[in-house]
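Novice: Sequence first, then the predicted structure, then my questions.
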Amino acid sequence: MERLQGLRGMVDLLPQQTALWQKIENTARHHFKRAAIPEVRTPLLENTELFLRGIGESTDVVGKEMYSFLDRGNRNCTLRPEGTASVVRAAIQHGLLTQGPQKFWYAGPMFRYERPQAGRQRQFHQIGIEALGFKDSRSDVEVISIAWDLLRDLGLKGLTLEINSLGDLADRLRFRKDLISWLEERRGNLDASSQDRLKSNPLRILDSKNPSTQELLKDAPSLSDALGEESKTRFEQVKEGLQNLKIPFKLNPLLVRGLDYYTHTAFEITSNQLGAQATICGGGRYDGLIEQLGGTATPAIGWALGMERLVLLTSKIEPEIKKSEADVYIVNRGAKAESIALFITRSLRLKNRIVELDSSGSAFSKQLKRADKSGARWAIIIGDSEAEKDQFILKDLRSEKVSSGETLSMKTLFQRFS
RNA sequence: GCGGGCGUCGCCAAGUGGUUAAGGCAGCGGCUUGUGGCGCCGCUAUUCGGGGGUUCGAAUCCCCUCGCUCGCCCCA
């Protein structure tokens, strides 16, 4: 038989890795709890329409990366490529926004059909927060600070926070017009994909990685100049807020981001240790999205961070998380001994001891060797003849010398471990 | 979707056209029918990701395919 393999870009996390994942998840939960943010869990599968309208049809995510299919009832379904649209959908659907502004966090797998590479999988995992109904610039600062503190708490170094303002809808439309006409005149000097974007998504040309396009853009009309007065002061407030909190940031006037729903503040946190996929956290304000998805116009802001990339970074500074070791390893052999062993194992577990039971039936020397290797502190040795006489041997596996252990009755044994 | 690198046992890894495909780790068994960290001995790939071809002969050369990996695009 040919061996079956997992799907491309779908990764198994083995026990060696899950310890680190749990550590990161726990840290994140702790930060959310401190900020009084509750969790929401939404389905992995949504109506394709949600993402078409939410993320934008001209984006790469929607255009070429979605896992979409018809279900048995001919519904057009998509495995969620990101979390924000779902959270907003759920909030609208359940009328949560009528109860005033609210924040949520979420965590879970997302799906994008891309070529896997370092820090990028087809099923990947994000942790994110969404603050719905918050208009003030202080909420931008608060939300960014939560991400920043979380990453610092994980001990990460070499992080850069970049921010930009995309302005409101009117600003963007005005700028879009200016940019298009300026670029049209220089169309010949643009790289191929930027030429395509001139029609579909001209703002994205700004953060083209193509060097000659970047060179050309140095003299292009700038987004920051196109911002209206209100947008400008708003952005100033965000910058001041970050300064007050001593959160270092870099202005990046070319930071546009790939999803259509962003307005005003857009930001990214990158690491200098990751290779090509350096963004570990990305987010921004999306004041138009909720209305776009059929809710009443509500301002909002959020971010998401990529677990795989966080794990990559954290594993560099956290070389080894020890596997959890048992308190007690139960060595046993013989019919009578084996049934008593099971009883003792369960009893000790009910006393909250971590107990590993050897059910191999192999020679005592073998079992003891495994006991030693397991890292357990104690071994309880159960043999047939002793078990008959209510005698059990307790050995300290961490003692300096190999000891013969002490002989105890079951009652005293349990007392030792209560 | 496009480029580069790679694919030999659970893991690491030698072998680069010629009789039985090194070695290490892990695993299993024994020395020790019932007692741990050491040691010693033995066992563990008819087969080199899969398929096809070249050849008297291939893990070694060619083609296809699958997978991994790095990068482009894009994003977390």
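Specialist: In hand now; what should we look at?
Novice: Looking at the stretch 251-400 of chain A, which residue is nearest RNA strand B?
Specialist: A:Gly258 (1.0 Å; CB to the nearest atom of the strand). From N, CA and C alone the C-beta is placed, and that goes for glycine too.
Novice: so what pLDDT did that residue get?
Specialist: Looking at A:Gly258, its pLDDT reads 73.
Novice: Contact partners for the closest residue to it other than its chain neighbours?
Specialist: Distances taken as CB to CB, 6 or more residues apart in numbering put A:Thr59 closest to A:Gly258, at 5.7 Å, once the chain neighbours are dropped. A:Thr59 makes contact with A:201, A:258-260, according to CB atoms under 8 Å, 6 or more residues apart in numbering.
Novice: and A:Thr59, what pLDDT?
Specialist: On the pLDDT scale, A:Thr59 is placed at 86.
Novice: where are the low-confidence patches of chain A?
Specialist: Applying pLDDT under 70 to chain A flags the ranges A:1-3, A:319-324.
Novice: which residue lies farthest from the center of it?
Specialist: Ranked by distance from the centre of chain A (CA atoms, centre = their mean), the top residue is A:Lys389, with 55.4 Å.
Novice: Only C-alpha atoms, please: export the top helix by length along chain A in PDB.
Specialist: Ranked by residue count, the top helix of chain A under DSSP state H comes out as helix A:15-34. What follows is helix A:15-34, C-alpha atoms only, in PDB (Å, rounded to 0.1, in the frame of the first residue of the first chain):
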ATOM      1  CA  PRO A  15       4.300  17.000  20.700                       C
ATOM      2  CA  GLN A  16       7.700  18.600  20.500                       C
ATOM      3  CA  GLN A  17       6.200  21.700  19.000                       C
ATOM      4  CA  THR A  18       2.800  21.900  20.700                       C
ATOM      5  CA  ALA A  19       4.500  22.900  24.000                       C
ATOM      6  CA  LEU A  20       5.800  26.100  22.400                       C
ATOM      7  CA  TRP A  21       2.400  26.800  20.700                       C
ATOM      8  CA  GLN A  22       0.700  26.500  24.000                       C
ATOM      9  CA  LYS A  23       3.100  28.800  25.700                       C
ATOM     10  CA  ILE A  24       2.500  31.500  23.100                       C
ATOM     11  CA  GLU A  25      -1.300  31.000  23.200                       C
ATOM     12  CA  ASN A  26      -1.300  31.200  27.000                       C
ATOM     13  CA  THR A  27       0.700  34.400  26.900                       C
ATOM     14  CA  ALA A  28      -1.700  35.900  24.400                       C
ATOM     15  CA  ARG A  29      -4.700  34.900  26.500                       C
ATOM     16  CA  HIS A  30      -3.200  36.500  29.500                       C
ATOM     17  CA  HIS A  31      -2.800  39.800  27.700                       C
ATOM     18  CA  PHE A  32      -6.300  39.700  26.400                       C
ATOM     19  CA  LYS A  33      -7.600  38.900  29.800                       C
ATOM     20  CA  ARG A  34      -5.800  41.900  31.300                       C
END
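Novice: what packs against the helix or strand following that helix?
Specialist: Once the chain leaves helix A:15-34, the next helix or strand it forms, by DSSP states H and E, is strand A:45-47. If contacts are counted by 3 or more CB pairs under 8 Å, 6 or more residues apart in numbering; DSSP states H and E, strand A:45-47 sits against strand A:76-79, helix A:84-93.
Novice: Neighbouring strands - and their directions - for strand A:45-47?
Specialist: Sheet pairing of strand A:45-47 (DSSP bridges) gives strand A:76-79 (antiparallel).
Novice: Give me the buried positions along the strand it pairs with.
Specialist: Buried residues in strand A:76-79, counted by 16 or more other CB atoms under 10 Å: A:77-79.
Novice: And for stretch A:113-122?
Specialist: A:114, A:119-122.
Novice: try stretch A:183-203
Specialist: By neighbour count on 16+ other CB under 10 Å, the buried set for stretch A:183-203 is A:183, A:190-191, A:194, A:197-198, A:201-203.
Novice: phi, psi of A:Phe267?
Specialist: When read as degrees, to the nearest 10, the backbone of A:Phe267 gives phi -150, psi 160.
Novice: what does A:Asn332 give?
Specialist: The phi/psi pair for A:Asn332 (degrees, to the nearest 10) reads phi -150, psi 150.
Novice: ok, now A:Arg152?
Specialist: Dihedral angles (degrees, to the nearest 10) for A:Arg152: phi -70, psi -40.
Novice: which ones are touching it?
Specialist: Contacts of A:Arg152 by CB under 8 Å, 6+ apart are A:Leu159.
Novice: mind running it again at 10 Å?
Specialist: A:159, A:247 (CB atoms under 10 Å, 6 or more residues apart in numbering).
Novice: Please tell me how far it sits from A:Lys246.
Specialist: Taking CB to CB, to the nearest Å as the measure, A:Arg152 falls 11 Å from A:Lys246.
Novice: With respect to burial, which of the helices and strands packed on strand A:45-47 scores highest?
Specialist: Most buried of those, by mean neighbour count (mean count of other CB atoms under 10 Å): helix A:84-93, with a mean of 22.
Novice: Tell me which helix or strand comes right after that helix.
Specialist: strand A:102-111.
Novice: mind checking how far that following strand is from the chain centre?
Specialist: 9 Å (CA atoms, centre = their mean, to the nearest Å).
Novice: Return it as PDB; C-alpha atoms alone will do.
Specialist: Taking Å, rounded to 0.1, in the frame of the first residue of the first chain, the C-alpha atoms of strand A:102-111 are listed here in PDB:
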ATOM      1  CA  GLN A 102     -16.900  46.000  22.000                       C
ATOM      2  CA  LYS A 103     -13.600  44.200  21.600                       C
ATOM      3  CA  PHE A 104     -13.000  40.600  20.800                       C
ATOM      4  CA  TRP A 105     -10.100  38.300  20.400                       C
ATOM      5  CA  TYR A 106     -10.000  35.200  18.300                       C
ATOM      6  CA  ALA A 107      -7.500  32.500  17.400                       C
ATOM      7  CA  GLY A 108      -7.500  29.700  14.900                       C
ATOM      8  CA  PRO A 109      -6.600  28.300  11.500                       C
ATOM      9  CA  MET A 110      -6.900  30.300   8.300                       C
ATOM     10  CA  PHE A 111      -6.600  29.000   4.800                       C
END
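Novice: That strand packs against which elements?
Specialist: Where contact means 3 or more CB pairs under 10 Å, 6 or more residues apart in numbering; DSSP states H and E, strand A:102-111 is packed against helix A:15-34, strand A:76-79, helix A:84-93, strand A:123-132, helix A:137-153, strand A:300-306, helix A:307-317.
Novice: Now distance to RNA strand B too, for these, in TSV please.
Specialist: Converted to TSV, these look like this (distance: least, CB to the nearest atom of the strand, whole Å):
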stretch	distance to RNA strand B
helix A:15-34	11
strand A:76-79	13
helix A:84-93	8
strand A:123-132	3
helix A:137-153	10
strand A:300-306	3
helix A:307-317	5
